[in-house]
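**Student:** Here is a sequence together with a model predicted from it:
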Amino acid sequence: MNRFWDTILNVSVPDPDDARRRRLLNIILVGNIAGAVVGFLAIGISNILANQLANFETVVLAGGAFVAALGCYGIYQINRRLSGRWASLLYLLLLTLVFTSMDTPAQLSNGRSIFLFTIPIAISSLILLPEASFLFALLGSGIIAGLALSIQQPVNIFAIIGFFLLALVSWLSARSLESALHELRVINANLDQVVYQRTQALAESLARERLEAGRNQAILNSIADGVIVFDRNWNAILVNPAIRSLLDLPVELIVNRNFRELIEHPKLSARSRGLLYAMIEHDTQPLSFRIEWGNKTLSVSAAQVYDFREEGNINLGTVTVFRDFTREAEVERLKSSFVAIVSHELRTPLNAILGYAEMFREEVYGPMNEKQVNMANRIISNTRRLLGLINDLLDQAQMEAGKLTIHMGPVRPSELLEQIHNLLDKTAAEKKLRITSEMDDSLPETIIGDGPRLEQILVNLVTNAIKFTDQGEIRIRLFHLPEFRKWGIEVTDTGRGIPRSELPHIFDSFRQVEEGTTRTHSGVGLGLAIVKQLVNLMNGEIKAASEVGQGSVFTVTLPLVTPP
Amino acid sequence: MNELALIIEDDLDLADIFAEALRGVGFTVEHASDGKKAQERLLYGEPPYLILLDMHLPHISGGQILTDILKKDTRFEKTLIIITTADARMGEAYSEMVDFVMIKPISFVQLRDLTARLKPPQ
């Protein structure tokens, strides 16, 4: 309905004032047409009801109404199609003309109909121009003055003054209305401008964000590594497509689920499950380790994400990267098994050399002179050294292949010390060094540990100490930390020490201090690397402290388990 | 009378050294150079007083000889069994089934001294 009236009344022009005036004129015209039609019908119906023939007066009235309706329609068309100004002017002039012809000159100039002329004055300021009210006040004044003079009556000055006062009021009110509307429009326009700018800025930032997100997503999508982002409760909040092929699982089974569900997946080996649980339970700092997933080996790197803006560095979650390590692991395994085979094959002939040399020394095939026995002894000690190196290589290979495992059993710390003295006192004595040992009284008589591996740790540490000490002693201490439920091994020497810059690297494989300069000491540099790995396998820690020229202290701390 | 010792060892030099050590303390020594020969010898020959068994053998492993023959056949109930291996873990695993475990490299002196103690008093 509103739309119907809008189509009839509205004139679409760019100038809002013009549009408003033309719409107002249309309303008036439509009202006039309706009034004229109603009047025309009313005359007809009343005549029929009165059952009398039309007299001259009613015919004129009906004709007038018809003409008025037609005229209004004509102006309406002009207003719609041509010009609002001309249509308004025409309408107002016609209105004035109609009013002028509606009564006797006496009544118009000074009687009851004088007020008719106020209508065009009031309307003109609204539909033509605010100032137009003065034009029609002038016109109305002219008409009444002319009519008064034509019938020799005095001109009604008060009416003329009234016309002009009305024109003034109309002008002022129309003007203030227009200026109010204008201000409103300006405000609206400004508002539109602001809204437009804001919308534009919003659209731009959205586009930028989408671009950035798209770029990040593109990076995430294109990398071959599988990525899972977890929130702080280990719920997977983001994954990339690579994870699907890596784990051979639909993404729905990963994303929006807790990591624990994934850890319980049967494809994961028991060992890997343990590692992953350790990762999520201990929340330790940057981690990297390998897991077995079905027949794949994956390396897992995890980094926690912190919000450093917040007080106390709020943990936001963890980014984990899974990389297919199957090929590398296979190569490593082959390398390790190659080393293992080679080591085994090397050991057998060395065992034979050792045996034959011993047979010489033991004079199995007849007496030997002192020099010959001495030579046999040198063969024996060199062979033993070589065997020791091969053992180290084999251990290293086994550890790299993940084959080396810890077997727990009852161990007597006092026997460990005894064994070390048996094995190494002679070696130390050859360098005129002494090995002393002590043990905390509170240390239990029997503990749970891997006896042969603990011995190996001690042998490697003490051998190392002997190797790098020229005078003094090597002190072994087995200590007990009851408050932490830990125990440990401390080996102190009075050797040449380790430069500060080398300390971080001493546990690396194949590394000896002074690498590449003078190799004054034998060995391939695996001893400490093996110790470190064994200690790690035992869930322990190893630390080294040293002062150049003063000596070094190696401290191994291990969890203390006692037999039930 | 010299007691019989059977050396089951695929490396001939090591077998030679072991034989020398055992002879040195008065054993009569026989040698089987692989698992198959050892199995035949054990099934058809006289049960030895002592067996020195290498765990890493061609054809039939030492572990198999140990479980299949020596532990099932009552003729070997009194036989002393020493196994030799380079693998300390393996040695530990079999330690309950045998009398002694020797970890390679095996020293001539070590073997001689051990077997000397094992010889029955004359």
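**Tutor:** Right, received. Where do you want to start? Quick caveat, the model's predicted, so the values are computed rather than measured. Residues are numbered from 1 along each chain as shown, chains lettered A, B, ... in the order given.
**Student:** For chain B, which segments count as strands?
**Tutor:** B:3-8, B:27-32, B:50-54, B:80-85, B:100-103 (DSSP state E).
**Student:** With mean neighbour count and distance to residue A:338 added, can I get those strands in CSV?
**Tutor:** The way it works is simple: take the backbone N, C-alpha and C, and place the C-beta from them, glycine included. As requested, these are exported to CSV (neighbours: other C-beta atoms under 10 Å in any protein chain shown; distance: least, C-beta to C-beta, whole Å):
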stretch, mean neighbour count, distance to residue A:338
strand B:3-8, 24, 27
strand B:27-32, 20, 30
strand B:50-54, 26, 22
strand B:80-85, 22, 20
strand B:100-103, 17, 23
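**Student:** Comparing those strands, which yields the minimum mean pLDDT?
**Tutor:** Here the lowest mean pLDDT among those goes to strand B:100-103, at a mean of 89.
**Student:** Would you mind pulling the contact partners of that strand?
**Tutor:** Applying C-beta atoms under 8 Å, 6 or more residues apart in numbering or on different chains, the external contacts of strand B:100-103 come out as B:80-86, B:88, B:91-92, B:94-95, B:110-111, B:114.
**Student:** coming back round to it: could you save the strands of chain B as TSV and add columns showing distance to residue A:172?
**Tutor:** Converted to TSV, those look like this (distance: least, C-beta to C-beta, whole Å):
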stretch	distance to residue A:172
strand B:3-8	130
strand B:27-32	134
strand B:50-54	126
strand B:80-85	120
strand B:100-103	120
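**Student:** Check which residues of the helix or strand of chain B with the lowest mean pLDDT are buried.
**Tutor:** In chain B, no helix or strand scores lower on mean pLDDT, DSSP states H and E than helix B:88-94, which sits at a mean of 78. Buried positions in helix B:88-94, judged by neighbour count with 16 or more other C-beta atoms under 10 Å in any protein chain shown: B:90-92, B:94.
**Student:** and what of stretch B:40-60?
**Tutor:** Quick answer for stretch B:40-60 (16+ other C-beta under 10 Å): B:41-42, B:47-57, B:60.
**Student:** need the residues of chain B near chain A, please.
**Tutor:** Selection of chain B residues close to chain A by C-beta under 8 Å from any C-beta of the partner chain yields B:11, B:13-14, B:17-18, B:20, B:24, B:56, B:86, B:88-89, B:92, B:104-109, B:112.
**Student:** Buried ones among those?
**Tutor:** Neighbour-count burial (16+ other C-beta under 10 Å) applied to these gives B:11, B:14, B:17-18, B:20, B:24, B:56, B:86, B:92, B:104-109, B:112.
**Student:** For the residue nearest in space to the middle of chain B, give me its contacts.
**Tutor:** Central residue of chain B (C-alpha atoms, centre = their mean): residue B:52, 1.2 Å from the mean position. Going by C-beta under 8 Å, 6+ apart, residue B:52 touches B:5-9, B:18, B:22, B:82, B:84, B:111.
**Student:** what secondary structure does residue A:249 sit in?
**Tutor:** Of the three states, residue A:249 takes coil under DSSP: H, G, I helix; E, B strand; the rest coil.
**Student:** which residues sit against the helix ranked longest in chain B?
**Tutor:** Using DSSP state H, we find that the single longest helix of chain B is helix B:12-24. Under the contact criterion C-beta under 8 Å, 6+ apart, helix B:12-24 has outside partners A:348-349, A:351-352, A:355-356, A:359, A:364, B:5, B:7, B:9, B:29, B:31, B:33, B:50, B:52, B:54, B:106, B:108, B:111-112, B:115.
**Student:** which phi and psi does the residue nearest in space to the middle of chain A have?
**Tutor:** Nearest residue to the geometric centre of chain A (C-alpha atoms, centre = their mean): residue A:213, 8.3 Å. The phi/psi pair for residue A:213 (degrees, to the nearest 10) reads phi -60, psi -40.
**Student:** try residue A:162
**Tutor:** Main-chain dihedrals, residue A:162, degrees, to the nearest 10: phi -60, psi -40.
**Student:** Span of stretch A:244-264 from start to end?
**Tutor:** Terminal residues of stretch A:244-264 are spaced 17 Å apart (C-alpha to C-alpha, to the nearest Å).
**Student:** gap between that stretch and the chain center?
**Tutor:** With C-alpha atoms, centre = their mean, to the nearest Å as the basis, stretch A:244-264 stands 21 Å off its chain's centre.
**Student:** residues in contact with it?
**Tutor:** Here stretch A:244-264 makes contact (C-beta under 8 Å, 6+ apart) with A:225-226, A:228, A:230, A:233-239, A:241, A:243, A:265, A:267-268, A:273, A:276-277, A:280, A:293-294, A:296, A:298, A:322, A:324.
**Student:** Which of those fall within strands?
**Tutor:** A:226, A:228, A:230, A:236-239, A:293, A:296, A:298, A:322, A:324.
**Student:** In JSON lines, list these along with pLDDT and neighbour count.
**Tutor:** Converted to JSON lines, these look like this (pLDDT from 0 to 100; neighbours: other C-beta atoms under 10 Å in any protein chain shown):
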{"residue": "A:226", "pLDDT": "89", "neighbour count": "22"}
{"residue": "A:228", "pLDDT": "90", "neighbour count": "23"}
{"residue": "A:230", "pLDDT": "89", "neighbour count": "22"}
{"residue": "A:236", "pLDDT": "90", "neighbour count": "22"}
{"residue": "A:237", "pLDDT": "88", "neighbour count": "12"}
{"residue": "A:238", "pLDDT": "86", "neighbour count": "15"}
{"residue": "A:239", "pLDDT": "87", "neighbour count": "20"}
{"residue": "A:293", "pLDDT": "88", "neighbour count": "22"}
{"residue": "A:296", "pLDDT": "88", "neighbour count": "17"}
{"residue": "A:298", "pLDDT": "89", "neighbour count": "23"}
{"residue": "A:322", "pLDDT": "90", "neighbour count": "22"}
{"residue": "A:324", "pLDDT": "89", "neighbour count": "18"}
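**Student:** is it possible to export those residues to TSV including distance to chain B?
**Tutor:** What follows is those, written out as TSV (distance: C-beta to the nearest C-beta, whole Å):
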residue	distance to chain B
A:226	36
A:228	37
A:230	38
A:236	40
A:237	45
A:238	44
A:239	41
A:293	27
A:296	28
A:298	28
A:322	32
A:324	31
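**Student:** so the residue in the stretch 151-300 of chain A that chain B sits nearest to is in which element?
**Tutor:** Here the residue of the stretch 151-300 of chain A nearest chain B is residue A:271; by C-beta to the nearest C-beta that distance is 17.5 Å. In this assignment (DSSP states H and E), residue A:271 forms part of helix A:270-282.
**Student:** got the buried residues for that helix?
**Tutor:** Within helix A:270-282, the residues that count as buried by 16+ other C-beta under 10 Å are A:272, A:275-276, A:279-280.
**Student:** In terms of distance to residue A:106, which of those residues ranks first?
**Tutor:** Nearest to residue A:106, judged by C-beta to C-beta, of these is residue A:280 at 108.7 Å.
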